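# Provided below for reference: sequence and predicted model.
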Amino acid sequence: MNRHQHDSLVVRDFTTVEDACSWYEAHFEQPSEAKAPSTALLRIDPAQTSPSALSSIGIIGVSYPATRDFLCRIAEATGDHGRYLVHTRDFYSCYGRAQAAGDWRSVGRYVRDSAEELATAGAEILCMPANTTHKAEAIEPLMKHLPVNTVFISMIEAVVDSAIQKDCRKVAILGTEFTMQSSFYPDAFAARGKGAEAILPARCEDIQAISNAIFTRMLKNVWMEEDALMCNAVMERMANEQQADSVALACTELPMLYANTGVASLLPAIDTTQALTLAVAEACMAT
């Protein structure tokens, strides 16, 4: 493992996903100015001795738990034969602070700058395992100036495609308050949903309860059965009051909540992280 540093960006090379995840956890799970760089580029190449036939995957890391989860999933989906690049920041001082302030211009700049760093490092396929940062104001700067020789796989489009494949009709959208109060999921379903429709929670108290659990616990790797049961109660209300027949776990921490607590989702669930994993793996193997 080699270490290089320029400006505030720390660059590290790994030969295994496990080593990369261990370093990532140590530096980003519990942010600390004393030990954690503000930004990092992880280059993971399990097949260093022989060039990979798969496209290089560039991951725009937003939150630590979701980025780590996606990295493990995509490595497994591609048989650990790809080249994986992760550009990540301390969530709380960057994305979290900007989102809380309504500063989506800064969020968009973080996303675009990460994509450019990944493209410079050799990424051919770009993706972002985070729902909220697909909000229009955050994603448009990247889509208008996509780095040359790269493609971007949208998590939102992957989720819509998954809903179609599962024959869902009214899909409850659960996530952060920014996701549940924005139109990007309803707009995506309207554009390509083929009869499937995104349903946002109607009750303000439900939106606040789920979002609070995400920001105060799940983003800190704290998984509570009470939070899973609370999400199920929201699903039940949405099924009874808004005719939801399925749910998109539209915060990447929500699938992890159910996996870590052993609670089953009340409605048939679309795991948004898995939807993106399958779409990226398919694109990676097709190029």
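The structure has been received and is ready for your questions. Numbering: from 1, shown residues only.

# give the contact list for Ala209.
With contacts taken as Cβ atoms under 8 Å, 6 or more residues apart in numbering, Ala209 has the following neighbours: 230, 234. For the C-beta atoms, the positions are set from N, CA and C on the backbone; glycine is no exception.

# Show the pLDDT at it.
We have a pLDDT of 98 for Ala209.

# Let's verify it: helix, strand, or coil?
Counting by DSSP: H, G, I helix; E, B strand; the rest coil, the backbone at Ala209 sits in helix.

# quick one: it from Ala119, how far?
Between Ala209 and Ala119 the distance, using Cβ to Cβ, to the nearest Å, works out to 39 Å.

# how long is stretch 96-113 from one end to the other?
Counting by Cα to Cα, to the nearest Å, the length from the leading to the trailing residue of stretch 96-113 is 17 Å.

# For that stretch, buried residues please.
By neighbour count, with 16 or more other Cβ atoms under 10 Å as the criterion, the buried positions of stretch 96-113 are 96, 98-99, 104, 106-113.

# Let's see which of these end up in helices.
Judged by DSSP state H, the subset of the buried residues of stretch 96-113 located in helices is 98-99, 104, 106-113.

# okay, the residues you listed in CSV with distance to Ala202 next?
Compiled in CSV, these are given as follows (distance: Cβ to Cβ, whole Å):
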residue, distance to Ala202
Ala98, 28
Gln99, 23
Trp104, 24
Ser106, 30
Val107, 26
Gly108, 29
Arg109, 33
Tyr110, 31
Val111, 30
Arg112, 34
Asp113, 37
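
# is it fair to say Ala130 lies in a strand?
No: counting by three-state DSSP, Ala130 falls outside a strand, being coil.

# Spatially nearest residue to it (excluding sequence neighbours)?
What sits nearest to Ala130 in space, not counting adjacent residues and going by Cβ to Cβ, 6 or more residues apart in numbering, is Val62, at 3.7 Å.

# And for the one you found, the neighbour number?
For Val62, the count of nearby residues is 27 (other Cβ atoms under 10 Å).

# Give me the phi and psi angles of Trp88.
Actually, residue 88 is Thr. It isn't Trp. Taking degrees, to the nearest 10, you get phi -140, psi 160 for the backbone angles of Thr88.

# so who does it touch?
Contacts of Thr88 by Cβ under 8 Å, 6+ apart are 24, 28, 39-40, 42, 61-62, 64, 67, 114.

# next one: Val17
Contacts of Val17 were listed using Cβ under 8 Å, 6+ apart, and they are 44, 46, 71-72, 75, 80, 84.

# ok, of the residues you listed, which one's closest to Leu229?
The nearest member of the contacts of Val17 to Leu229, counting by Cβ to Cβ, is Cys72 at 26.4 Å.

# my guess is that closest one contacts Ala20, does it?
No: with contact defined as Cβ atoms under 8 Å, Cys72 does not reach Ala20; the gap is 9.8 Å.

# out of the two, which sits in the more crowded spot?
Neighbours of Cys72 and Ala20, each counted by other Cβ under 10 Å, are more numerous for Ala20; the result is 24 against 15.

# Under the pLDDT cut-off, which ranges of the protein? List them.
Low-confidence regions of the chain, defined by pLDDT under 70, span residues 1-7, 30-37, 47-53, 193, 287.

# Go again with 80.
Low-confidence segments of the chain, defined by pLDDT under 80, span residues 1-8, 29-38, 46-54, 80-81, 193, 286-287.

# where do the strands sit along it?
The residue ranges that make up the strands of the chain, judged by DSSP state E, are 3-6, 9-14, 39-44, 57-61, 84-89, 125-127, 151-153, 170-174, 197-199, 246-249, 269-271.

# could you dump these to JSON lines with distance to Glu137?
Conversion of these to JSON lines gives the following (distance: least, Cβ to Cβ, whole Å):
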{"stretch": "strand 3-6", "distance to Glu137": "30"}
{"stretch": "strand 9-14", "distance to Glu137": "25"}
{"stretch": "strand 39-44", "distance to Glu137": "21"}
{"stretch": "strand 57-61", "distance to Glu137": "16"}
{"stretch": "strand 84-89", "distance to Glu137": "18"}
{"stretch": "strand 125-127", "distance to Glu137": "19"}
{"stretch": "strand 151-153", "distance to Glu137": "16"}
{"stretch": "strand 170-174", "distance to Glu137": "18"}
{"stretch": "strand 197-199", "distance to Glu137": "18"}
{"stretch": "strand 246-249", "distance to Glu137": "21"}
{"stretch": "strand 269-271", "distance to Glu137": "24"}
